[in-house]
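Chemist: output the structure for:
(chains A and B)
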Amino acid sequence: MQRRQSSKTPKQPLQGHHENQTDLSAWRKGGRIDPGKSVQNIQSPNDQKNDSKQDSLEQALSYFAKVQDRVSLKNNSVLQKHLTTVESIALQRGLPPEGFDVLLNVALSGKLADTVNTRLLKSLVPASVIPETSVISSVSWLCVSKCSGNIQLLFLRWLITVFDFIDRKEQLHALYGFFFSFLQDEKMCPYVCHLLYLLTRKESVKPFRIRRLLDLQAKMGMQSHLQALLSLYKLFCPELVTITLPGKMKTYFKSSEGPWKAAINTVRRRNQENSLVSQPLFLGTAQPQSRKRKWNTQLIIPASSTNKNNLEENREKNHVDLYSTSESFPVEQLQTFPQLLQNIHCLEFPSQMGSVLTNPLLLHYMNCIKDESVYLRLYYWMGQTLQEECTWCVADNNQYEEEFKDFLETVYKTECFLQEGFSSCEEFLYKSLPLWDGFCCRSQILKLVSWIPLSSSSEMKSHLYDPLAQLFFTSSLYFKCSVLETLKELLQNWLNWHMIHLDSEFESEVYSLNTTLSGLVNVVAELIHFVGWISTVALRLENNATFLLYFILDFYETVCDMYLRYNLPLLIMPPAGVFYPALLSMDSVSLNQLCYIMYRYRTNLVAAKENELSKKKTLQFKFSSQIYQEYNQYIIAMVGCLWTSRAFQKDIHPQGLRMDDELLKKTAVQEFRTSFNIVYHPAMMGYAVLFLQQAWPDDTTFDLSLIKGKRWNWYLEYLYAQGLKGLKVFIESSINRVSQASHSKAGNVQV
Amino acid sequence: PQQTAFLLRKQWTLYSVTPLYRFSGARLRDYGRLLGAFIAAEKQKGLAGGGGVELDIKVAVSSLPDLRGSDQDQAAVLVQLSSRSSASRKNSEEKLLWSGWFCCVSGDDLSERVPEDFTCLPLFLANGADSYTSIVGSWFQKTFDCCFRRLAISPLNLSWMAAMWTGCKVDKTASALELVFSVPSLPQPLDILYAIHPEDAKDLWDTVQKTPGEITQEEVDVFMDCLYSHFHRHFKIRLSATKLVKVSTAIASAHCDGFIKFLQSQYLTGVLMLLTELAISQIQ
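Modeler: Down below sits the predicted model:
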């Protein structure tokens, strides 16, 4: 029976989204999609049969992880079983990323016979990506030469074939020297050359390596693979490689495709079929695992990559070649917050602005750089993606609801991070809400609604309020509550925005752009009136459900404090359809909440009146006398109900409780006058009974009329001790207790 | 007109494209080279086929300066992919594999609103294998941070086209006005082809249109309603209950799924102006 903790202590503005704003762990770029998850996604349409396959694959993998030395295949049915499992699953669906570590380890450690190792290596068909770490550890096995030459060769051929499936290659590049040292092995040389060809970057080209290659060429003669590598070196560093090489060859390398290429293609095709899409090509180097169904949309947020276009421009100016590192700090390397600070002067935004969504560091940067083109690029990308991928606006999209949910969630998190809404999102909501069923992606859509930017556009009613109201009235109690919660957050976000811009130096700029203070006040007022209206209707529809009332009053907890806490010259009282159900609620939580709200209204109105009277500053806005009048009507009704037991006479609100004595007598209620005071009020009677029980345990008559005089005060103390803090602040502020003894005299309660 | 003749009588798939960031009309040759490299890389990706495979696709990016409505419009950009098989390399026999072009005809609505860094070419038309559209489109998306979206033509816009194009003068013996309707919610797809003699259609339109050079929605509705009631009188089928999916005239033919075929070079920019408008409304 306690008030919510948070409403006792005034909420700090901006509190709501702290966790996203200051999450330090977010400094580390967390944008990568868990490869394991994506595999699951690919397989999601599959059924139980696949689950059992999944189980047997897991068993096989754990078997291979623990397998001891030299198990013979012939006499070991367990090994045979697991090996067959791995092979069949690999060829059908490909292996998940986490499988590679285990299988590469066992195949290259020489624990098992070569026939087994070969079969294992041949079944290393990726379903999505291959983790770089597993490749690194297998290279270390290669260096200790535990496995036979044939296995080494097979591994290298595998590595070349699946090179593009390795999820990242930074560490692999660091092993360039190791691979280079394998060149002296005559059998491995052609494959190592091919691998080096794939790995070489400009900085890999060193004079000693060139000499080594030339030596090898002198020793082994003109070999096409050596020439390939040399010509690449020459391409990067023409000044270092001075020998003339023959012109373009038809093929430099022997095909390394081995048994994998066909299997990879099959797996890829099958996975596509499973996702019921046709997919012309894999696009985007960063996510071969993504299942893009249309090439022209990127529900998968693009990876951050440097804008090659700009690099190219530099090239023209300085006449250095394409591969040289330019002055600016490449976004791919941006991993930590200190890096951001050190390079903030030379950082460039990625070539595709959409990639900032999953990169908190770039979002920080975006916050610092107020560049119109940054927002415009994001605006276009996001707007098009949202419209194209919307699961209820575009036919055939409904099977991708999960993806779309994730995307909306990401957009929402970005908005929280930046503490501002995107206009592309706003437009998307305006376009799609009239078609929304209120069910699909519900929580995501509502979250995005809470970030609709504050602007004095006249679009809100037809684009937001009307479709929302339709859904609101026809949906469940819980939907109603979540809409109210959303609108409360929307209001708070607007108020926070207003606070920030009031304080900041941009004030004049912002207000002159598209919003005047009066325009802003009107928009906020419109929202509050809308909530008042739907709340009134909803309370009737739902028979004054306490749960609903809680969310409504929660909204008004923000409304009643707008003047003091958010410095907005606006206060709006709840409509009678909200006030009276709360006042006459059967639940002490609602009544207590209402008391607190009325207390805050009073505090705000008193402060406004004082400001007005002191006239320290010329006030642009004054509260109309109407708001004071409304407040006073409510307070008379409330004090009349709870304290003076005169509600039926005193209430002057047109929709209030005023009733003739004649009429009241007809109800045959004996003590009708007192029936809503703090003792007899249905929400309070329980307290009164418990109070009597505790104070006079022997008295079993439960005569509530005993609570008067001194006992009335004890009873009040008892109520306060029960946690009814809202009631406490209300009574202490709004009821002028002239004499402690006579509780019936309520003094000047009006402001 | 000579320069644009090759755009006629081909089916183009329509896309809308958001403004291109840091695109420069002066660097088309560079773009061609980079796009060529990108295509070569894409073709090899996923499966390392061997490093030294030669490019067998030639990329040309050029400008089509004639295709614009006003001086404010950016000149159209043409991308062509052609194959050169290694055998016929010397006799420079090239086969056009795929072509696509960006254009903007009277797109002031959009171009006046974006900052200098952006280039407005909101309409993209492609002809050739989807896989090439996909590669070229991805490259543009990555390089100029733009978004491609298929541009469907609503039945309403199709009926506008039917009316507008009916009113155009064509020198030669014109082909019929053909309208294709599809009947919804049937187990088997059922299409209705409605062909009207061009002169009859023109006569009807001339009685409907009040001020020459100006068309209103009301006039379009009246025109279509007349055609519908005529059809109903003969076949007892209410075409208004079906969906207009295709319009063909002597000027051009358009399909609701976003395909267009230009047939008259003198009306090319006129049609493009309408399509530019549709593309802009899709990206805003």
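
Chemist: just for chain B, where's the confidence low?
Modeler: B:1-2, B:44-55, B:85-93, B:172 (pLDDT under 70).

Chemist: helices of that one, residue ranges please.
Modeler: With DSSP state H as the criterion, chain B has helices at B:28-44, B:108-111, B:130-144, B:155-166, B:198-208, B:217-235, B:268-283.

Chemist: which residues sit against the second one?
Modeler: Contacting residues not belonging to helix B:108-111 are listed as B:19, B:70, B:72-74, B:104, B:120, B:122, B:277, B:280, B:283-284 [C-beta atoms under 8 Å, 6 or more residues apart in numbering or on different chains]. C-beta coordinates here come from the backbone N, C-alpha and C atoms, glycine included.

Chemist: on that earlier part again, will you turn the helices of chain B into TSV that also has mean neighbour count and distance to A:F100?
Modeler: Formatted as TSV, the helices of chain B follow (neighbours: other C-beta atoms under 10 Å in any protein chain shown; distance: least, C-beta to C-beta, whole Å):
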stretch	mean neighbour count	distance to A:F100
helix B:28-44	17	23
helix B:108-111	18	49
helix B:130-144	22	28
helix B:155-166	21	52
helix B:198-208	17	66
helix B:217-235	15	62
helix B:268-283	21	43
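
Chemist: of those, which approaches A:S535 most closely?
Modeler: Closest to A:S535 of the helices of chain B, according to C-beta to C-beta: helix B:268-283, at 37.7 Å.

Chemist: quick one: that closest one to chain centroid distance?
Modeler: 9 Å (C-alpha atoms, centre = their mean, to the nearest Å).

Chemist: and the contacts of it?
Modeler: Outside helix B:268-283, the residues touching it (C-beta under 8 Å, 6+ apart) are A:380, A:383-384, B:4, B:7-8, B:14-18, B:67-69, B:103-107, B:109-110, B:122-123, B:147, B:149, B:151, B:153, B:157, B:160-161, B:164, B:168, B:251-252, B:260, B:262.

Chemist: can we see that at 6 Å?
Modeler: Helix B:268-283 is touched from outside by B:4, B:16, B:18, B:69, B:103-107, B:109-110, B:122-123, B:151, B:252, B:262, with contacts defined as C-beta atoms under 6 Å, 6 or more residues apart in numbering or on different chains.

Chemist: sorry, back to before: which among the contacts of helix B:108-111 count as buried?
Modeler: B:19, B:73-74, B:104, B:120, B:122, B:277, B:280, B:283 (16 or more other C-beta atoms under 10 Å in any protein chain shown).

Chemist: so how far is the helix or strand harbouring A:E415 from its chain's centroid?
Modeler: If you go by DSSP states H and E, A:E415 is part of helix A:401-418. In terms of C-alpha atoms, centre = their mean, the centre of helix A:401-418 is found 5 Å from the chain centre.

Chemist: what comes up buried for that helix?
Modeler: Neighbour-count burial for helix A:401-418 flags A:403-408, A:411-418 (criterion: 16+ other C-beta under 10 Å).

Chemist: and stretch A:711-730, by the same measure?
Modeler: Neighbour-count burial for stretch A:711-730 flags A:711-712, A:715-716, A:718-719, A:722-730 (criterion: 16+ other C-beta under 10 Å).

Chemist: what packs against the helix holding A:E415?
Modeler: Here helix A:401-418 touches helix A:18-21, helix A:442-449, going by 3 or more C-beta pairs under 6 Å, 6 or more residues apart in numbering or on different chains; DSSP states H and E.

Chemist: mind telling me which of the ones you listed the model trusts least?
Modeler: Mean pLDDT values for the helices and strands packed on helix A:401-418 show the minimum at helix A:18-21, a mean of 43.

Chemist: name the SS class of A:L378, please.
Modeler: Following DSSP: H, G, I helix; E, B strand; the rest coil, we place A:L378 in the helix state.

Chemist: hang on, it packs against A:Q352?
Modeler: No: between A:L378 and A:Q352 there is no contact under C-beta atoms under 6 Å: 9.8 Å.

Chemist: compare the two and say which is more crowded by neighbours.
Modeler: A:Q352 (26 against 22; other C-beta atoms under 10 Å in any protein chain shown).

Chemist: quick one: pLDDT of the residue nearest the centre of chain A?
Modeler: With distances taken as C-alpha atoms, centre = their mean, A:K413 lies nearest the centre of chain A, 3.4 Å away. If you check A:K413, the pLDDT there is 93.

Chemist: returning to what we had before: which of the contacts of helix B:268-283 sits closest to chain A?
Modeler: B:T18 (3.7 Å; C-beta to the nearest C-beta).

Chemist: that closest one - nearest residue in space that isn't next to it in sequence?
Modeler: If the residues on either side of it in the chain are set aside, B:T18 comes closest to A:Y380, at 3.7 Å by C-beta to C-beta, 6 or more residues apart in numbering or on different chains.
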